[in-house]
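Asker: Pasting the sequence and the predicted coordinates here, then a few questions.
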Amino acid sequence: MIAAIILVCSVAFLLQFFVSYCRSLIAASAKEPLPAEVQDVTGIGRVATANDFFRVVQLLHLCPERPEERGEIKAIGAYFRFLGFLRGTLARMMPSLDKWADLERGQCTHFAAVVLGRRIAFSRNLIAQQMDT
Amino acid sequence: MVWCLGFASEVAVVVCAIRAKVFKRYLPLNLYMAASATVELLRYRILNHYGFTSSNYFYFYYYSDALLTITLYLALISLFVIVFREMSAERYVIYGASLLLGGTALFSYLVVQQSSNRLLTHFVVEMSQNLYFVGLVLTYVLWGAILKLRETRTQLIQLVLSLGVYFSLFAVNYAVRNLYPPFSPLSIALLQFLGCFLPVAWAYAFWRIPKDARLAPARLAVIPR
């Protein structure tokens, strides 16, 4: 009985902490505008939407990886899938939750697009360094 | 592979904290990570010398785990002290934390006192598990205090949130193991994997987030305030 209570409480705490932690990762990029070249490459307009996420991630995989971003992308990918699961289950009964999850998924896409912009800049620098040497 | 990742990220936490010049500010957290890395090395040595099924490895694993859990509990209390410093309430936090630690030890003893053999070993294992849950509840209280007091230091917020995720993962793991004993081997195997989360998240917080970065915590709450 005690173990069952601990399990339920722990899962509830885990979800709260996980959502807040992912939002803290996203928060820094939320204010960053998307560079024009990222908008061109991804086709994202002024606001990123959930539908663009996997396309942006595919483009991310085409660019040389920066080790410091590997963990971030994985965490946000897990958060995006969790939100998708939420939309497919609980949010069907709660329209406000559905709207919130959709907004959050858009933020995930924005975050991935910001990282893509950094990777493009990083690749450009690499090429410029190689040209110099 | 997982062991290497865990050990490397524990070392990375200390290195990143020194590099970011926050080693002293978060001294208990860094001491915990240094102790974790040392224990990992010693475990590896004992494992190689005596073998996985030896009683030496068994006892060292569980006793060192209990000590590390207590150290992590103290690290959590140090985060409370940082958050409550401006209210000059550190003394009350320390008294409360000591009482809670003593209470958890007493509760664990009462639970295991019927065990006729290996009382101390059972006590150590029980106390570790209970401290994880107490740590989880305390982290939740701390997160509530951060939201209420409008604490804005991004690095501190990320340290607390990642600690919350870590404690929850372990508490879920222990609860599942107690509820469904056949899952024990799988949940024990998962421990090493889950253990990597905290050092990776803390290393990230020290490496990537400037020490003066600010963030409105109300934006992070699941239930908007």
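Answerer: That came in fine, so what should we check first?

Asker: ok, and the closest non-adjacent residue to residue B:149?
Answerer: Nearest residue to residue B:149, sequence neighbours excluded (Cβ to Cβ, 6 or more residues apart in numbering or on different chains): residue B:83, at 6.7 Å. All C-beta atoms are positioned from the backbone trio N, CA, C, and that covers glycine.

Asker: Quick check, that neighbour in contact with residue B:150.
Answerer: No. The criterion here is Cβ atoms under 8 Å, and residue B:83 misses it with residue B:150 at 11.0 Å.

Asker: who has more neighbours, the two?
Answerer: For residue B:83 and residue B:150, the more surrounded residue by other Cβ atoms under 10 Å in any protein chain shown is residue B:83, and the numbers stand at 20 against 10.

Asker: Okay, buried residues for the helix or strand harbouring that one please.
Answerer: Following DSSP states H and E, one finds residue B:83 within helix B:55-84. Buried residues in helix B:55-84, counting neighbours by 16 or more other Cβ atoms under 10 Å in any protein chain shown, are found at B:57, B:60, B:64-66, B:68-80, B:82-84.

Asker: Look up phi and psi at residue B:214.
Answerer: phi -120, psi 150 (degrees, to the nearest 10).

Asker: what does the model give it for pLDDT?
Answerer: At residue B:214, the pLDDT value in this model is 85.

Asker: returning to what we had before: roughly how far does the residue nearest to residue B:149 sit from chain A?
Answerer: 16 Å (Cβ to the nearest Cβ, to the nearest Å).

Asker: which other residues reach stretch B:27-47?
Answerer: With contacts defined as Cβ atoms under 8 Å, 6 or more residues apart in numbering or on different chains, stretch B:27-47 is touched by B:3, B:6-7, B:10-11, B:13-14, B:17, B:23, B:54, B:56-57, B:60-61, B:64, B:67-68, B:71-72, B:74-75, B:77-79, B:159, B:199, B:202.

Asker: my bad, should have said stretch B:55-62
Answerer: By Cβ under 8 Å, 6+ apart, stretch B:55-62 touches B:42-43, B:46-47, B:49-51, B:121, B:124-125, B:128.

Asker: switch the cut-off to 6 Å
Answerer: Under the criterion Cβ atoms under 6 Å, 6 or more residues apart in numbering or on different chains, residues B:46-47, B:50, B:124-125 lie in contact with stretch B:55-62.

Asker: phi, psi of residue B:24?
Answerer: phi -70, psi -40.

Asker: neighbours around it, how many?
Answerer: 9.

Asker: distance of the nearest residue to residue A:17 once chain neighbours are set aside from residue B:220?
Answerer: Counting by Cβ to Cβ, 6+ apart, residue B:164 is the residue found nearest to residue A:17 once chain neighbours are left out, at 3.5 Å. Remark: distance between residue B:164 and residue B:220 (Cβ to Cβ, to the nearest Å) = 12 Å.
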